[in-house]
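[1] what shape does this take:
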Amino acid sequence: MKSKNKYSLFLFLSVLALSTGIAQIFLQLPAAEAAGQEQAPGSDAGQGSGKHQQASDPDVHPPVHFKPDATISPAGYSPAQIKHAYGFSTLPCATANTCGVGQTIAIIDAYDDPNAAADLATFSNTFGLPPCTVANGCFSQVYASGFRPSFNSGWALEISLDVQWAHAVAPQAKIMLVEARDSYLSSLLAAVDYATSHGAKQVSMSWGASEFSGETSYDYHFNKAGVTFFASAGDGGSAVLYPAASRYVTGVGGTSLYLDSLGNVRSETAWSGSGGGKSSYEFEPSYQTGYRYPYGATIQSGGMRGVPDVSYDANPNTGVSVYDSAGYQGQAGWFLVGGTSAGAPQWAALAAIVNSGRTIMTTLSDSTIYSAAAGALYAANYRDITSGSNGYSATTGYDFVTGLGSPLASSLVPYLQTH
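    Down below sits the predicted model:
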(Lines give C-alpha, C1' and ligand atoms only; values in the text may rest on other atoms or scores of the structure.)
Protein backbone atom coordinates (compact mmCIF):
# COMPACT_ATOMS: atom_id res chain seq x y z
CA MET A 1 0.00 0.00 0.00
CA LYS A 2 1.41 3.41 -0.90
CA SER A 3 2.09 5.80 1.98
CA LYS A 4 -0.66 8.26 0.98
CA ASN A 5 -3.29 5.52 0.81
CA LYS A 6 -2.10 4.02 4.08
CA TYR A 7 -2.49 7.28 5.94
CA SER A 8 -5.87 7.91 4.33
CA LEU A 9 -6.93 4.52 5.64
CA PHE A 10 -5.61 5.46 9.07
CA LEU A 11 -7.65 8.70 9.08
CA PHE A 12 -10.78 6.83 8.00
CA LEU A 13 -10.36 4.21 10.72
CA SER A 14 -9.72 6.90 13.33
CA VAL A 15 -13.02 8.58 12.47
CA LEU A 16 -14.76 5.19 12.40
CA ALA A 17 -13.42 4.32 15.83
CA LEU A 18 -14.54 7.62 17.32
CA SER A 19 -17.98 7.47 15.77
CA THR A 20 -18.81 3.85 16.52
CA GLY A 21 -16.89 3.16 19.69
CA ILE A 22 -14.67 0.47 18.20
CA ALA A 23 -12.11 0.34 20.97
CA GLN A 24 -9.93 -2.37 19.56
CA ILE A 25 -8.70 -0.72 16.35
CA PHE A 26 -5.03 0.22 16.76
CA LEU A 27 -4.69 3.96 16.13
CA GLN A 28 -0.93 4.15 16.80
CA LEU A 29 0.05 2.70 13.42
CA PRO A 30 1.65 5.78 11.77
CA ALA A 31 3.57 6.71 14.95
CA ALA A 32 4.86 3.16 15.26
CA GLU A 33 5.94 3.19 11.63
CA ALA A 34 7.72 6.50 11.99
CA ALA A 35 9.58 5.28 15.06
CA GLY A 36 10.40 1.88 13.60
CA GLN A 37 8.71 0.25 16.56
CA GLU A 38 6.55 -2.82 16.74
CA GLN A 39 3.21 -2.68 14.98
CA ALA A 40 -0.16 -4.22 15.64
CA PRO A 41 -1.94 -5.56 12.57
CA GLY A 42 -5.69 -5.35 12.73
CA SER A 43 -6.46 -1.79 11.67
CA ASP A 44 -8.08 -3.24 8.58
CA ALA A 45 -9.50 -6.24 10.39
CA GLY A 46 -13.06 -5.49 9.45
CA GLN A 47 -12.53 -4.96 5.76
CA GLY A 48 -14.76 -6.91 3.48
CA SER A 49 -17.28 -7.92 6.14
CA GLY A 50 -20.07 -5.74 4.81
CA LYS A 51 -21.74 -5.77 8.23
CA HIS A 52 -22.78 -2.93 10.49
CA GLN A 53 -20.98 -2.72 13.83
CA GLN A 54 -23.25 -3.65 16.74
CA ALA A 55 -22.50 -3.85 20.47
CA SER A 56 -23.79 -7.44 20.56
CA ASP A 57 -21.65 -8.46 17.57
CA PRO A 58 -18.40 -6.52 17.91
CA ASP A 59 -15.57 -6.52 15.43
CA VAL A 60 -12.64 -8.21 17.17
CA HIS A 61 -8.91 -7.86 16.65
CA PRO A 62 -5.93 -10.17 16.99
CA PRO A 63 -3.68 -8.98 19.85
CA VAL A 64 -0.40 -9.55 18.02
CA HIS A 65 2.54 -7.13 17.79
CA PHE A 66 5.62 -7.45 15.64
CA LYS A 67 8.76 -5.69 14.51
CA PRO A 68 8.00 -4.05 11.16
CA ASP A 69 10.91 -5.28 9.06
CA ALA A 70 10.84 -8.89 7.90
CA THR A 71 14.16 -10.72 7.58
CA ILE A 72 15.48 -13.62 5.50
CA SER A 73 16.30 -15.68 8.60
CA PRO A 74 14.60 -16.18 11.99
CA ALA A 75 14.93 -13.17 14.30
CA GLY A 76 13.04 -14.17 17.45
CA TYR A 77 13.16 -17.02 19.92
CA SER A 78 13.20 -20.49 18.40
CA PRO A 79 11.00 -23.43 19.44
CA ALA A 80 13.98 -25.01 21.20
CA GLN A 81 14.56 -21.87 23.27
CA ILE A 82 10.90 -21.49 24.27
CA LYS A 83 10.49 -25.18 25.10
CA HIS A 84 13.62 -25.07 27.24
CA ALA A 85 12.52 -21.88 29.01
CA TYR A 86 9.12 -23.32 29.94
CA GLY A 87 10.23 -26.88 30.69
CA PHE A 88 8.70 -28.70 27.72
CA SER A 89 12.06 -30.06 26.57
CA THR A 90 12.43 -32.33 29.62
CA LEU A 91 9.03 -33.99 29.32
CA PRO A 92 9.11 -37.72 28.50
CA CYS A 93 7.05 -37.06 25.36
CA ALA A 94 9.78 -34.74 24.08
CA THR A 95 12.29 -37.60 24.18
CA ALA A 96 9.80 -40.06 22.69
CA ASN A 97 8.58 -37.50 20.12
CA THR A 98 4.96 -38.07 21.11
CA CYS A 99 3.94 -34.66 22.50
CA GLY A 100 0.31 -34.09 21.56
CA VAL A 101 -0.26 -37.39 19.80
CA GLY A 102 -3.95 -38.23 19.32
CA GLN A 103 -5.08 -34.63 19.89
CA THR A 104 -6.52 -32.00 17.57
CA ILE A 105 -5.81 -28.33 18.28
CA ALA A 106 -8.20 -25.92 16.57
CA ILE A 107 -6.85 -22.52 15.59
CA ILE A 108 -9.73 -20.05 15.21
CA ASP A 109 -8.97 -16.96 13.14
CA ALA A 110 -10.68 -14.62 10.69
CA TYR A 111 -10.21 -14.36 6.93
CA ASP A 112 -7.97 -16.53 4.79
CA ASP A 113 -4.25 -17.17 4.74
CA PRO A 114 -3.62 -18.84 1.38
CA ASN A 115 -0.03 -19.68 2.35
CA ALA A 116 -0.69 -21.17 5.79
CA ALA A 117 0.28 -24.73 4.86
CA ALA A 118 3.38 -23.70 2.90
CA ASP A 119 4.55 -21.34 5.64
CA LEU A 120 4.08 -24.05 8.26
CA ALA A 121 6.27 -26.33 6.13
CA THR A 122 8.99 -23.67 5.97
CA PHE A 123 8.80 -23.14 9.73
CA SER A 124 8.99 -26.89 10.44
CA ASN A 125 11.90 -27.42 8.05
CA THR A 126 13.85 -24.48 9.48
CA PHE A 127 13.58 -25.66 13.08
CA GLY A 128 13.75 -29.41 12.50
CA LEU A 129 10.17 -30.10 13.54
CA PRO A 130 8.17 -33.09 12.25
CA PRO A 131 6.30 -32.27 9.03
CA CYS A 132 2.69 -31.19 9.56
CA THR A 133 1.03 -31.24 6.18
CA VAL A 134 -2.29 -31.84 4.51
CA ALA A 135 -0.80 -34.90 2.84
CA ASN A 136 0.20 -36.63 6.09
CA GLY A 137 -3.10 -35.72 7.79
CA CYS A 138 -1.54 -33.44 10.40
CA PHE A 139 -2.77 -30.10 9.04
CA SER A 140 -6.19 -29.10 7.77
CA GLN A 141 -7.55 -25.71 6.71
CA VAL A 142 -11.32 -25.33 6.63
CA TYR A 143 -13.82 -22.53 6.11
CA ALA A 144 -16.49 -22.23 8.78
CA SER A 145 -18.99 -20.63 6.39
CA GLY A 146 -18.40 -23.22 3.68
CA PHE A 147 -16.79 -20.62 1.42
CA ARG A 148 -13.22 -19.39 1.25
CA PRO A 149 -12.94 -16.01 3.02
CA SER A 150 -11.18 -13.03 1.54
CA PHE A 151 -7.52 -12.39 2.30
CA ASN A 152 -6.46 -10.05 5.11
CA SER A 153 -2.74 -9.51 5.66
CA GLY A 154 -2.96 -8.72 9.38
CA TRP A 155 -4.98 -11.82 10.13
CA ALA A 156 -2.71 -13.90 7.87
CA LEU A 157 0.24 -13.00 10.09
CA GLU A 158 -1.84 -13.97 13.13
CA ILE A 159 -2.67 -17.30 11.50
CA SER A 160 1.02 -17.96 10.82
CA LEU A 161 1.86 -17.29 14.47
CA ASP A 162 -0.92 -19.47 15.84
CA VAL A 163 -0.46 -22.45 13.56
CA GLN A 164 3.33 -22.53 13.72
CA TRP A 165 3.67 -22.19 17.47
CA ALA A 166 0.94 -24.68 18.36
CA HIS A 167 2.88 -27.15 16.21
CA ALA A 168 6.19 -26.11 17.77
CA VAL A 169 5.07 -27.00 21.31
CA ALA A 170 2.95 -30.09 20.51
CA PRO A 171 4.49 -31.38 17.25
CA GLN A 172 2.48 -34.62 17.15
CA ALA A 173 -0.92 -32.97 17.57
CA LYS A 174 -3.08 -32.35 14.53
CA ILE A 175 -3.69 -28.70 13.66
CA MET A 176 -7.14 -27.69 12.41
CA LEU A 177 -7.16 -24.11 11.12
CA VAL A 178 -10.76 -22.89 11.03
CA GLU A 179 -11.14 -19.61 9.16
CA ALA A 180 -14.15 -17.40 9.90
CA ARG A 181 -15.64 -15.42 7.01
CA ASP A 182 -14.82 -12.09 8.73
CA SER A 183 -13.72 -10.68 12.09
CA TYR A 184 -17.10 -10.18 13.72
CA LEU A 185 -17.72 -12.09 16.91
CA SER A 186 -20.67 -14.02 15.50
CA SER A 187 -18.52 -15.31 12.63
CA LEU A 188 -15.68 -16.32 14.90
CA LEU A 189 -18.07 -18.10 17.27
CA ALA A 190 -19.47 -20.00 14.29
CA ALA A 191 -15.90 -21.11 13.61
CA VAL A 192 -15.55 -22.19 17.25
CA ASP A 193 -18.72 -24.27 16.93
CA TYR A 194 -17.41 -25.85 13.74
CA ALA A 195 -14.19 -26.84 15.49
CA THR A 196 -15.86 -28.40 18.52
CA SER A 197 -18.29 -30.35 16.33
CA HIS A 198 -15.44 -31.70 14.21
CA GLY A 199 -13.21 -33.25 16.83
CA ALA A 200 -11.12 -30.42 18.27
CA LYS A 201 -10.13 -31.01 21.91
CA GLN A 202 -8.19 -27.78 22.39
CA VAL A 203 -9.30 -24.45 20.93
CA SER A 204 -7.01 -21.43 20.58
CA MET A 205 -8.58 -17.98 20.16
CA SER A 206 -5.97 -15.27 19.68
CA TRP A 207 -8.49 -12.45 19.42
CA GLY A 208 -10.87 -10.43 21.54
CA ALA A 209 -13.24 -7.50 21.78
CA SER A 210 -14.02 -5.03 24.54
CA GLU A 211 -16.54 -6.39 27.01
CA PHE A 212 -20.19 -5.67 26.31
CA SER A 213 -23.53 -6.10 28.02
CA GLY A 214 -24.98 -9.49 27.19
CA GLU A 215 -21.65 -11.23 26.62
CA THR A 216 -22.58 -13.96 29.08
CA SER A 217 -25.27 -15.12 26.66
CA TYR A 218 -22.44 -16.27 24.36
CA ASP A 219 -20.62 -18.29 27.02
CA TYR A 220 -22.39 -21.51 26.02
CA HIS A 221 -20.12 -21.71 22.98
CA PHE A 222 -17.27 -22.55 25.37
CA ASN A 223 -19.12 -24.87 27.72
CA LYS A 224 -18.34 -28.07 25.82
CA ALA A 225 -17.52 -31.38 27.48
CA GLY A 226 -14.06 -32.64 26.62
CA VAL A 227 -12.88 -29.37 25.05
CA THR A 228 -10.55 -26.76 26.57
CA PHE A 229 -10.57 -23.14 25.38
CA PHE A 230 -7.78 -20.55 25.54
CA ALA A 231 -8.03 -16.86 24.63
CA SER A 232 -5.55 -14.01 24.54
CA ALA A 233 -6.13 -11.42 27.26
CA GLY A 234 -5.25 -8.49 24.96
CA ASP A 235 -2.39 -6.09 24.39
CA GLY A 236 -3.87 -2.83 25.65
CA GLY A 237 -2.84 -2.98 29.29
CA SER A 238 -5.34 -2.99 32.13
CA ALA A 239 -8.51 -3.78 30.22
CA VAL A 240 -10.61 -6.93 29.94
CA LEU A 241 -11.50 -8.55 26.61
CA TYR A 242 -14.05 -11.14 25.65
CA PRO A 243 -13.89 -14.16 25.29
CA ALA A 244 -10.94 -14.25 27.73
CA ALA A 245 -13.44 -13.04 30.36
CA SER A 246 -15.71 -16.06 29.95
CA ARG A 247 -15.78 -18.40 32.93
CA TYR A 248 -15.35 -21.31 30.51
CA VAL A 249 -12.20 -19.92 28.89
CA THR A 250 -8.62 -19.78 30.15
CA GLY A 251 -7.38 -16.22 29.63
CA VAL A 252 -3.70 -15.87 28.76
CA GLY A 253 -1.80 -12.74 29.79
CA GLY A 254 1.64 -11.57 28.76
CA THR A 255 5.19 -11.41 30.07
CA SER A 256 8.65 -10.30 29.00
CA LEU A 257 10.91 -13.36 28.91
CA TYR A 258 14.67 -12.76 29.06
CA LEU A 259 17.10 -15.59 28.35
CA ASP A 260 20.87 -15.77 28.85
CA SER A 261 23.37 -16.90 26.23
CA LEU A 262 22.75 -20.55 27.16
CA GLY A 263 18.99 -20.23 26.78
CA ASN A 264 18.28 -20.30 30.51
CA VAL A 265 15.69 -17.94 31.96
CA ARG A 266 17.38 -14.84 33.30
CA SER A 267 14.09 -13.22 34.33
CA GLU A 268 10.42 -13.09 33.44
CA THR A 269 8.42 -9.99 34.24
CA ALA A 270 4.93 -8.71 33.55
CA TRP A 271 4.58 -7.10 30.13
CA SER A 272 3.08 -3.62 30.24
CA GLY A 273 0.77 -4.43 27.32
CA SER A 274 -0.80 -7.49 28.93
CA GLY A 275 -4.58 -7.29 29.14
CA GLY A 276 -6.15 -7.92 32.51
CA GLY A 277 -8.45 -6.70 35.24
CA LYS A 278 -11.90 -7.31 36.66
CA SER A 279 -14.76 -8.19 34.34
CA SER A 280 -17.68 -5.82 34.21
CA TYR A 281 -20.22 -8.53 33.39
CA GLU A 282 -18.92 -11.99 34.31
CA PHE A 283 -19.22 -13.00 37.95
CA GLU A 284 -16.31 -14.58 39.77
CA PRO A 285 -16.32 -18.35 39.10
CA SER A 286 -15.93 -20.91 41.88
CA TYR A 287 -12.37 -21.79 40.88
CA GLN A 288 -11.41 -18.19 41.68
CA THR A 289 -13.56 -17.68 44.78
CA GLY A 290 -12.18 -20.88 46.25
CA TYR A 291 -8.56 -20.20 45.35
CA ARG A 292 -6.07 -19.28 48.06
CA TYR A 293 -2.53 -18.09 47.48
CA PRO A 294 0.15 -20.19 49.20
CA TYR A 295 -0.11 -17.78 52.12
CA GLY A 296 -3.89 -17.83 52.32
CA ALA A 297 -4.72 -14.62 50.45
CA THR A 298 -7.71 -14.52 48.09
CA ILE A 299 -8.28 -12.92 44.70
CA GLN A 300 -9.57 -9.40 45.30
CA SER A 301 -11.90 -8.94 42.35
CA GLY A 302 -15.01 -7.68 44.09
CA GLY A 303 -17.01 -10.75 43.14
CA MET A 304 -16.27 -10.42 39.41
CA ARG A 305 -14.24 -12.63 37.09
CA GLY A 306 -10.51 -11.89 37.24
CA VAL A 307 -8.50 -11.92 34.01
CA PRO A 308 -6.09 -13.40 33.00
CA ASP A 309 -5.72 -16.88 34.45
CA VAL A 310 -2.16 -17.62 33.32
CA SER A 311 0.63 -15.98 31.33
CA TYR A 312 3.25 -16.55 28.63
CA ASP A 313 5.93 -14.60 26.77
CA ALA A 314 4.27 -11.73 24.85
CA ASN A 315 6.60 -8.74 24.69
CA PRO A 316 7.50 -8.28 20.99
CA ASN A 317 11.03 -7.34 22.08
CA THR A 318 11.35 -10.87 23.48
CA GLY A 319 9.13 -12.39 20.81
CA VAL A 320 9.19 -15.52 18.71
CA SER A 321 10.12 -16.24 15.10
CA VAL A 322 7.22 -16.51 12.64
CA TYR A 323 7.38 -17.11 8.90
CA ASP A 324 4.81 -15.34 6.73
CA SER A 325 5.12 -15.29 2.95
CA ALA A 326 1.66 -13.79 2.35
CA GLY A 327 3.15 -10.44 3.27
CA TYR A 328 2.20 -7.53 5.49
CA GLN A 329 2.61 -3.94 4.24
CA GLY A 330 5.11 -4.98 1.61
CA GLN A 331 7.14 -7.19 3.95
CA ALA A 332 7.39 -10.97 3.76
CA GLY A 333 9.66 -13.53 5.38
CA TRP A 334 10.60 -13.95 9.02
CA PHE A 335 8.96 -11.67 11.58
CA LEU A 336 9.75 -11.10 15.26
CA VAL A 337 6.29 -11.45 16.81
CA GLY A 338 4.79 -10.98 20.24
CA GLY A 339 1.50 -10.08 21.88
CA THR A 340 -0.73 -12.25 24.02
CA SER A 341 -1.70 -13.89 20.73
CA ALA A 342 1.48 -15.93 21.09
CA GLY A 343 0.42 -17.46 24.40
CA ALA A 344 -3.03 -18.83 23.54
CA PRO A 345 -1.88 -21.42 20.94
CA GLN A 346 1.03 -22.51 23.11
CA TRP A 347 -1.17 -23.03 26.15
CA ALA A 348 -3.54 -24.97 23.88
CA ALA A 349 -0.55 -27.09 22.87
CA LEU A 350 0.26 -27.67 26.55
CA ALA A 351 -3.31 -28.90 27.05
CA ALA A 352 -2.87 -31.24 24.08
CA ILE A 353 0.24 -32.70 25.70
CA VAL A 354 -1.68 -33.15 28.95
CA ASN A 355 -4.54 -34.98 27.26
CA SER A 356 -2.24 -37.13 25.14
CA GLY A 357 -0.69 -38.52 28.32
CA ARG A 358 -3.97 -39.28 30.10
CA THR A 359 -5.51 -42.72 30.29
CA ILE A 360 -8.98 -41.22 30.01
CA MET A 361 -9.52 -38.13 27.87
CA THR A 362 -11.29 -35.32 29.70
CA THR A 363 -11.53 -31.54 29.80
CA LEU A 364 -8.58 -29.64 31.23
CA SER A 365 -10.63 -27.29 33.38
CA ASP A 366 -9.77 -23.97 34.97
CA SER A 367 -10.48 -25.63 38.31
CA THR A 368 -7.59 -28.04 37.72
CA ILE A 369 -5.35 -25.24 36.46
CA TYR A 370 -5.99 -23.34 39.71
CA SER A 371 -5.61 -26.42 41.91
CA ALA A 372 -2.11 -26.82 40.46
CA ALA A 373 -1.22 -23.50 42.13
CA ALA A 374 -2.40 -24.47 45.61
CA GLY A 375 0.02 -24.50 48.53
CA ALA A 376 3.45 -25.97 47.94
CA LEU A 377 2.44 -27.01 44.41
CA TYR A 378 2.56 -23.40 43.25
CA ALA A 379 6.34 -22.99 43.10
CA ALA A 380 6.74 -26.32 41.32
CA ASN A 381 4.07 -25.79 38.65
CA TYR A 382 4.19 -22.06 37.89
CA ARG A 383 6.74 -19.29 37.61
CA ASP A 384 5.15 -16.62 39.78
CA ILE A 385 5.62 -13.26 38.06
CA THR A 386 6.16 -10.65 40.77
CA SER A 387 7.44 -7.54 38.99
CA GLY A 388 6.14 -5.31 36.22
CA SER A 389 2.78 -3.66 35.61
CA ASN A 390 0.04 -3.12 33.05
CA GLY A 391 -1.67 -0.54 35.26
CA TYR A 392 -2.15 -3.29 37.83
CA SER A 393 1.03 -4.50 39.51
CA ALA A 394 2.34 -8.03 39.31
CA THR A 395 2.56 -9.39 42.84
CA THR A 396 3.15 -12.63 44.72
CA GLY A 397 0.38 -15.06 43.80
CA TYR A 398 -2.49 -14.24 41.46
CA ASP A 399 -2.57 -10.79 39.85
CA PHE A 400 -4.46 -8.99 37.06
CA VAL A 401 -1.44 -8.91 34.76
CA THR A 402 -0.17 -12.47 34.65
CA GLY A 403 -2.79 -14.47 36.54
CA LEU A 404 -1.20 -17.43 38.30
CA GLY A 405 1.97 -17.04 36.25
CA SER A 406 3.75 -18.90 33.46
CA PRO A 407 3.92 -22.70 33.15
CA LEU A 408 6.76 -24.84 34.43
CA ALA A 409 5.74 -27.66 32.14
CA SER A 410 8.13 -30.28 33.50
CA SER A 411 6.06 -30.33 36.70
CA LEU A 412 2.74 -28.82 35.60
CA VAL A 413 2.04 -31.27 32.79
CA PRO A 414 2.48 -34.42 34.94
CA TYR A 415 0.30 -32.88 37.64
CA LEU A 416 -2.49 -32.02 35.21
CA GLN A 417 -2.30 -35.49 33.65
CA THR A 418 -3.14 -37.09 36.99
CA HIS A 419 -5.80 -34.66 38.23
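[2] so the closest residue to residue 143 other than its chain neighbours bridges to which residues?
    Using CB to CB, 6 or more residues apart in numbering and skipping the chain neighbours, the partner closest in space to residue 143 is residue 179 (5.4 Å). Where you see a C-beta, it was placed from the backbone N, CA and C, and this is true even at glycine. Using DSSP bridges, the bridge partners assigned to residue 179 are residue 109, residue 143.
[3] and the helix or strand harbouring residue 83, what's buried?
    Using DSSP states H and E, residue 83 falls within helix 79-85. Buried residues in helix 79-85, defined by neighbour count with 16 or more other CB atoms under 10 Å: 79, 81, 82, 83, 84, 85.
[4] re earlier: which residues are in contact with the residue nearest to residue 143?
    Contact analysis of residue 179 by CB atoms under 8 Å, 6 or more residues apart in numbering lists 109-113, 141-144, 148-149, 159, 191.
[5] 10 Å instead, please
    Neighbour list for residue 179: 107-113, 116, 141-145, 148-149, 155, 159, 187-188, 191, 194 [criterion: CB atoms under 10 Å, 6 or more residues apart in numbering].
[6] what's the answer for residue 202, then?
    With CB under 10 Å, 6+ apart, residue 202 has these contacts: 100, 103-107, 166, 170, 173, 176, 195, 227-230, 345, 347-355, 363-364.
[7] same check on residue 191?
    Contacts of residue 191 by CB under 10 Å, 6+ apart are 106-110, 142-145, 177-181, 203, 205.
[8] among those, name the buried ones.
    106-110, 143-144, 177-181, 203, 205.
[9] burial of residue 76, as a residue count?
    The number of residues packed near residue 76 is 23, by other CB atoms under 10 Å.
[10] repeat that for residue 350.
    By other CB under 10 Å, 28 other residues sit near residue 350.
[11] isn't it right next to residue 414, touching?
    No. Residue 350 is beyond contact range of residue 414, at 12.0 Å (criterion: CB atoms under 10 Å).
[12] mutual contacts of the two, please.
    residue 91.
[13] residues touching residue 415, list them.
    Taking CB under 10 Å, 6+ apart, one finds 354, 368, 371, 372, 377, 380, 381, 408 in contact with residue 415.
[14] got phi/psi on it?
    Dihedral pair for residue 415: phi -60, psi -50, per degrees, to the nearest 10.
[15] could you pull out the helices for the stretch 1-150 of the chain?
    When secondary structure is read from DSSP state H, counting those that start in this stretch, the stretch 1-150 of the chain shows helices at 3-20, 29-35, 79-85, 92-96, 116-127.
[16] what packs against the last one?
    Contacts defined by 3 or more CB pairs under 10 Å, 6 or more residues apart in numbering; DSSP states H and E place helix 116-127 against helix 79-85, strand 139-143, helix 153-169, strand 174-180, strand 320-328, strand 331-338.
[17] pull out the buried residues from it.
    By 16+ other CB under 10 Å, the buried positions in helix 116-127 come out as 116, 117, 119, 120, 121, 122, 123, 124, 126, 127.
[18] so the first one sits against residue 160, correct?
    Yes. Under the contact definition of CB under 10 Å, residue 116 touches residue 160, with a separation of 6.9 Å.
[19] give me the common contacts of the two.
    By CB under 10 Å, 6+ apart, the residues touching both residue 116 and residue 160 are 109, 324, 325, 326.
[20] next up, the contacts around the third one.
    Contacts for residue 325 (CB under 10 Å, 6+ apart) come out as 70, 113-116, 118-119, 122, 156, 160, 332-334.
[21] end to end, how far does stretch 227-237 reach?
    Terminal residues of stretch 227-237 are spaced 29 Å apart (CA to CA, to the nearest Å).
[22] now that stretch: mean pLDDT?
    What stretch 227-237 shows for mean pLDDT is 95.
[23] what's the distance between residue 392 and residue 112?
    Taking CB to CB, to the nearest Å as the measure, residue 392 falls 37 Å from residue 112.
[24] quick one: which of those two has more around it?
    Between residue 392 and residue 112, counted using other CB under 10 Å, the more crowded position is residue 112 (23 against 18).
[25] hang on, that one packs against residue 158?
    No. With contact defined as CB under 10 Å, residue 112 does not count as touching residue 158 (12.0 Å).
[26] what's the overlap in contacts for the two?
    residue 152.
[27] by mean pLDDT, which helix or strand of the chain comes out lowest?
    helix 29-35 (a mean of 28; mean pLDDT, DSSP states H and E).
[28] per-residue confidence for the most centrally placed residue in the chain?
    By CA atoms, centre = their mean, the mean C-alpha position of the chain lies nearest to residue 344, the distance being 2.6 Å. With respect to pLDDT, residue 344 has a value of 98.
[29] helix, strand or coil for it?
    Using DSSP: H, G, I helix; E, B strand; the rest coil, the structure places residue 344 in helix.
[30] with residue 229 instead?
    strand.
[31] excluding residues flanking it in the chain, which one is nearest residue 411?
    Here the residue nearest residue 411, using CB to CB, 6+ apart, is residue 380, at 4.4 Å.
[32] tell me who's in contact with the one you found.
    372, 373, 408, 410, 411, 412, 414, 415.
[33] top of the residues you listed by number of neighbours, please.
    residue 373 (25 neighbours).
[34] for it, give its distance to residue 358.
    20 Å.
[35] on that earlier part again, roughly how far does the residue nearest to the centre of the chain sit from residue 311?
    From residue 344 to residue 311 the distance is 11 Å (CB to CB).
[36] overlap of the contact sets of those two?
    With CB under 10 Å, 6+ apart as the test, residue 344 and residue 311 both reach 233, 251, 252.
[37] doesn't residue 305 make contact with the first one?
    To tie it back to what came earlier, the one meant is residue 233. No. Because the distance of 11.8 Å does not satisfy CB under 10 Å, residue 233 is recorded as not touching residue 305.
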